[in-house]
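Participant: Predicted coordinates and the sequence they were generated for:
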Amino acid sequence: MELKNMVALVSRTGRQMQRYNFHGDRQVVGCIPYRYKDTCETTTSFPVDEEEIEVLVITSQRKGKGVLFPKGGWENDESIEDAALRETVEEAGVVGDVQHKLGKWNFKNKSNDTGYESHMFPLLVKEQLDFWPEKDVRQRLWISVGEARKVCQYWWMKEALELLVNRLTTQPNEANEDNVSLSQSMKSNL
């Protein structure tokens, strides 16, 4: 059976399974879904030009709050990579190859009363689903890296985007190829 037919159409909810770090900050994970434009073959040698990269952003569930990359809680029963892929499928409806982590960011919410530890990963998109759990509450949009820099609502997501762009535009091909096996093993767990 194809993966797109196996994706549950309900997002995980609740905080009873959430992970927290030793400071009591909620741990969240996410991905920056990306693809190469039609003019750039995925087998091209690296580095690539920034103009050849598109990233997928989603709307916030809160109306008028801008766009962001998919992210959410990391739960006790899953690896960090599995959580990042699950959140991306739930919120953005895309599947692909989760690659080496971009980094970790610590931040507070706007009221400064809740701390978060966020981990972000690149996700090379292989498939865009027609139906996904949050299809009715979010919109997804492929945009250029330059536009993402302007419209992404969180500073730490913009920093993660810069790390991704730097990785794709400066590193040789083998740095990107060694991530495929990680994603293949995660897909079997969905």
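Facilitator: Structure's in. What do you need? Predicted model only: the values in this text are computed from it and were never measured.
Participant: For this protein, just list every one of the strands.
Facilitator: 26-36, 53-59, 67-68, 71-73, 94-98, 103-108, 115-128, 140-144 (DSSP state E).
Participant: Show me what the longest helix seen in the chain is packed up against.
Facilitator: In the chain, with assignment by DSSP state H, the single longest helix is helix 155-170. Contacts of helix 155-170 with other secondary structure elements, assessed using 3 or more C-beta pairs under 8 Å, 6 or more residues apart in numbering; DSSP states H and E, are made with strand 26-36, strand 53-59, strand 103-108, strand 115-128, helix 145-151, helix 174-177. To be clear about C-beta, it is placed using only N, CA and C from the backbone, and glycine gets the same treatment.
Participant: which parts of that helix are buried?
Facilitator: Buried residues in helix 155-170, counting neighbours by 16 or more other C-beta atoms under 10 Å, are found at 156-157, 160-161, 164-165, 167-169.
Participant: Nearest to Tyr20 among these?
Facilitator: If you rank the buried residues of helix 155-170 by distance to Tyr20 using C-beta to C-beta, Trp156 comes first, at 18.1 Å.
Participant: Could you report the neighbour count for the residue nearest to Asp25 when sequence neighbours are not counted?
Facilitator: Once flanking residues are discounted, Asp25 sits nearest to Gly115: 3.6 Å by C-beta to C-beta, 6 or more residues apart in numbering. Around Gly115 there are 15 other residues, counting by other C-beta atoms under 10 Å.
Participant: same thing with Lys135?
Facilitator: Around Lys135 sit 16 other residues, with neighbours defined as other C-beta under 10 Å.
Participant: From Ile58, how far out is it?
Facilitator: 11 Å (C-beta to C-beta, to the nearest Å).
Participant: From Phe22, how far off is the spatially most central residue of the chain?
Facilitator: Geometric centre of the chain, nearest residue: Cys31, 1.3 Å, by C-alpha atoms, centre = their mean. Shown here: Cys31 relative to Phe22, a distance of 25 Å by C-beta to C-beta.
Participant: hmm, back to that, out of the buried residues of helix 155-170, who's nearest Arg149?
Facilitator: So of the buried residues of helix 155-170, ranked by how close each gets to Arg149 (C-beta to C-beta), first place is Leu161, at 6.7 Å.
Participant: Please tell me I have it right and that closest one contacts Ser144.
Facilitator: No: checked against C-beta atoms under 8 Å, the pair Leu161 and Ser144 is beyond contact range at 11.3 Å.
Participant: anything in contact with each of the two?
Facilitator: Counting by C-beta atoms under 8 Å, 6 or more residues apart in numbering, the common neighbours of Leu161 and Ser144 are Val55.
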